[in-house]
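Undergrad: sequence first, predicted coordinates after that:
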Amino acid sequence: MTGTIQLLALLGDLPARLAAGDPDLVRPLASVTGTLGAALVAGAEGRPARHDPAALATALSVRLPGWPVVSFSDGRGDHPYNTARRFLSVDHLSGGRSGVLFQTGGARAQHTAERIQVVRALWNSWPLDSLVADRDTGVYAHTDEIREIDHQGADFRVHGALNTPSSIQGEPVSLWHVSTAEELDAAHGLVDLVVLDDPDLLHRWRASEAEARPGLVAAGIVHGGEAAAELVSVSTTAELFEAVATLPPAPLPPGLPAGEHGRAAPTLRALFGLPPRSFDLSSKPLAFGASRA
Amino acid sequence: MSTFHLNLSLMTPGHFRGAWRLPGRDPLAWVDVNRYRELARIAEEAKIHAVFLGDSPGLGGSIAAHPESGLEPTVLFADVLAGTKHLGAIATSSSTYNSPYNLARRYLALDHVTGGRSAFNVVTTFAPHSAAAFGYPTAPEKAQRYRRADEFARVVLSLWDGWDDGAVVGDPVSGRFVDPSRIERVEHEGEFFRVSGALSVPPSPQRRPVLVQAGGSPGGLELAANWADVVFTAGQDLNEAVAFRADTKRRAAEAGRDPGQILTSLGVIVLVADTDEEVRRRIDELVNTTDLQAAATGVAAQLGLEADTLDPDSLITIEALESAPHPPASAGFFRSTRALIAAGPRTVRDLVTRSGGGAGHRLLAGTPEQIADNLEGWFRAGAADGFTIMPADTAVDFEGFARQVVPLLQSRGLFQQDYAGTTLRENLGLAPLVPGTDRQRATAHPTTNAKEG
């Protein structure tokens, strides 16, 4: 047991079987809900046919409530406003236990970086605690906490605040699978975690002393214990259960009866020790002006 | 057909958006998935055909006063339908702010994970804040939005119909998984989209999601006639709803379709209470949660009138309506409201009351018997093939309709005692799809000419 959080990328027919509620898979996984330092990764490339990752992530979080689920997103042809809204909705359904693993998908590093920038800005544009619901005054939301993201970049122009408020963990954990030095540099200050499968990039990550350096997820490379998580692929039931048997325990929420562990499974941000809503929009304009009386 | 379909809207806090202000309501029910799961179970117990959610991307300033769209509907429905076996779900997405390949793939995934119980309600989205979210200074003009919607529907239907029956071979001995010769690629080049390829997923248990359309402009009517299985519409006046249904079926026949295969679903805002006195009390209570000045601005925009000319007690006459300075924001709501005002001038307050908050649909408030009588009357007069019930206050009227009105409709033989099949298409009484038919129509049908929205 490494103590490092494990991200289990489901390949083969595992996603479809889990989504369909196959009891041979669901029961053993459900019995350890919330007790392990692990998340399932949905929508990785694989055969047979791939389903839409958000639909798959939703199905997984319904079948296995309390299990964190990370969705792949390659963004091909998808406007970042739609991407942001769908994955933040998944985060609400999963009780704040979701993440999004951005893929470059053949696009330029700067294009992907801009896409992530827009998605994260949108996730942070409308804080849940702006919803005050004051029955006497009829004020539902303090609109002076809602920011216009006012994004005008090379590839996207997006003005709105998102019309889904932030979740109980703030926003999904953001990960980027980077394959080049340019991508790694662009990931600084942009995502919570980078996924690396290249030892040269690991050196570059180590050498970076920037405060904004993202946490490390090691995919099949040897690391000196500095990775926050490891990404491992599992294609068969045997591989899945073998991986599950060696998973580290999740941090125990204080003062909780043993049997309640699963119900109070930590959010994915808490599992990684990440702050809620770390993306600063304070320089952006208010979406609807200052409205508070 | 002797029975009608019933869809039930999950819009929370209700069609009166200010209903969250009433005592005991959870103001955050609108983003509480557990509450939606509970509502879906109540709907399924009542044998409701489908739950429904409208949607529009972009956040508008009305959030200061009440929620609008929140969680993305395809994601939400993948979750809530997992707790049911027969209930369908109608999700709404914009053809203006999506690309057809992604949307076709996402809805087909939803249709697979629900076992063939999903529907795609295509809307073209006019809100300025939606346009801004996607980088446009204003929404594209209406005729353009509907040309795009038509092309969008063609591409989506062609993609959904790409795999023939028997395309999946799955022969473990030969290792042959799929017979590629039985997958028809889409090769589309049009005004808005270039799509080359096929979906990576075979057809669902109902082959594809049911297609619903919800716009009443000329472009919307043509879109419905060509492609919709179900047309969701507003109707304030019985005769006008009868004429709309007949016209919808006539247009479908002219487009070469069987008019029996296009259903109208009439939106009705329902408020259920045990006595006449309680009905009146609850209407007053809900109208009092509404900001009538803001509603007046909304009504003005719906009808194409100058926003600053209306206050809650201004009388709107048919003459004012016919000389409105702007095009109405919504042709369907204009049509239904016009029919109401044709019978005599109305105040904004009155329109807001009759349309459950001002959005244009008819408010049907009464005891369970009165509501059942009214729906029976409209159905027997030929006003609709079914109804999309929109609770005035979802915390009360969703369950009130499902548990008090539905049993009366069932005992009168007007509504199903049980689901007819396993897919939404079967349950709505729509004929099975013949592989290749959608594709043939979507690629062969003459391109719509630009029409005045």
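TA: Cool, the structure landed. Keep in mind that this is a model prediction, so the values were computed, not measured. Residues are numbered from 1 along each chain as shown, chains lettered A, B, ... in the order given.
Undergrad: I'd say A:Val26 and A:Val62 touch.
TA: No - applying C-beta atoms under 8 Å as the test, A:Val26 and A:Val62 come out as separate, 10.4 Å apart. Any C-beta I mention is one placed from the backbone N, CA and C, and that applies to glycine too.
Undergrad: in terms of neighbours, single out the busier of these two.
TA: A side-by-side neighbour count of A:Val26 and A:Val62, using other C-beta atoms under 10 Å in any protein chain shown, places A:Val62 first with 22 against 16.
Undergrad: and the pLDDT for the more buried one?
TA: Here, the pLDDT recorded for A:Val62 equals 90.
Undergrad: just the pLDDT for residue 137.
TA: If you meant another chain, say so; for now it's chain A. A:Thr137 is assigned 90 on the pLDDT scale.
Undergrad: meant chain B actually
TA: Model confidence at B:Pro137, given as pLDDT, is 88.
Undergrad: give me the neighbour count for the residue lying closest to it once chain neighbours are set aside.
TA: Leaving out its chain neighbours, the residue that sits closest to B:Pro137 by C-beta to C-beta, 6 or more residues apart in numbering or on different chains is B:Ala131, at 7.2 Å. B:Ala131 has 21 neighbours, counted by other C-beta under 10 Å.
Undergrad: correct me, but B:Ala131 touches B:Thr138?
TA: Yes - using C-beta under 8 Å, B:Ala131 is in contact with B:Thr138, at 5.6 Å.
Undergrad: for B:Arg280, helix, strand, or coil?
TA: Three-state assignment for B:Arg280 (DSSP: H, G, I helix; E, B strand; the rest coil): helix.
Undergrad: measure it to B:Thr367 for me?
TA: For B:Arg280, the distance to B:Thr367 equals 12 Å [C-beta to C-beta, to the nearest Å].
Undergrad: more neighbours: these two, which one.
TA: B:Thr367 (17 against 12).
Undergrad: please enumerate the helices of chain A.
TA: Using DSSP state H, the helices found in chain A span residues A:14-19, A:23-30, A:53-63, A:80-93, A:109-123, A:181-187, A:199-207, A:237-245, A:268-272.
Undergrad: low pLDDT regions in chain A?
TA: A:1-2, A:45-50, A:251-264, A:277, A:290-293 (pLDDT under 70).
Undergrad: try it again with 80
TA: A:1-3, A:43-52, A:74-77, A:105, A:250-265, A:277-278, A:289-293 (pLDDT under 80).
Undergrad: can you check chain B too?
TA: Low-confidence segments of chain B (pLDDT under 80): B:1, B:215, B:298, B:302, B:307-309, B:329-333, B:336, B:352, B:354-360, B:445-453.
Undergrad: which residue lies nearest the spatial centre of it?
TA: Among the residues of chain B, the one closest to the centroid is B:Phe232, at 5.0 Å (C-alpha atoms, centre = their mean).
Undergrad: tell me who's in contact with the residue nearest to B:Ala167 when sequence neighbours are not counted.
TA: In space, and not counting its chain neighbours, B:Ala167 is closest to B:Arg182: 3.9 Å by C-beta to C-beta, 6+ apart. Counting by C-beta atoms under 8 Å, 6 or more residues apart in numbering or on different chains, B:Arg182 touches B:163-164, B:166-167.
Undergrad: write out the residues of the stretch 151-300 of chain B neighbouring chain A.
TA: Within the stretch 151-300 of chain B, the positions near chain A by C-beta under 8 Å from any C-beta of the partner chain are B:177, B:200-202, B:289, B:291.
Undergrad: on the three-state scheme, B:Ala365 is what?
TA: For B:Ala365, the assignment made with three-state DSSP gives strand.
Undergrad: next, find the distance separating it from chain A.
TA: Note on B:Ala365: its distance to chain A, by C-beta to the nearest C-beta, to the nearest Å, is 22 Å.
Undergrad: isn't that residue right up against B:Asp284?
TA: No - counting by C-beta under 8 Å, B:Ala365 does not reach B:Asp284; the two are 10.8 Å apart.
Undergrad: more neighbours: those two, which one.
TA: Neighbour tally, B:Ala365 and B:Asp284, criterion other C-beta under 10 Å: the higher count belongs to B:Ala365, 23 against 10.
Undergrad: partners of the lengthiest strand in chain B, with directions?
TA: Longest strand of chain B, by residue count under DSSP state E: strand B:263-272. Using DSSP bridges, the strands paired with strand B:263-272 in its sheet are strand B:230-234 (parallel), strand B:362-366 (parallel), strand B:386-391 (parallel).
Undergrad: pull the CA atoms of it into PDB?
TA: C-alpha atoms of strand B:263-272 as PDB (Å, rounded to 0.1, in the frame of the first residue of the first chain):
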ATOM      1  CA  LEU B 263     -48.800  14.400 -31.100                       C
ATOM      2  CA  THR B 264     -49.600  17.800 -29.600                       C
ATOM      3  CA  SER B 265     -48.900  18.200 -25.900                       C
ATOM      4  CA  LEU B 266     -50.700  21.200 -24.400                       C
ATOM      5  CA  GLY B 267     -49.000  23.000 -21.600                       C
ATOM      6  CA  VAL B 268     -51.300  23.600 -18.600                       C
ATOM      7  CA  ILE B 269     -50.200  25.200 -15.300                       C
ATOM      8  CA  VAL B 270     -52.000  23.300 -12.600                       C
ATOM      9  CA  LEU B 271     -52.900  24.400  -9.100                       C
ATOM     10  CA  VAL B 272     -54.800  21.700  -7.000                       C
END
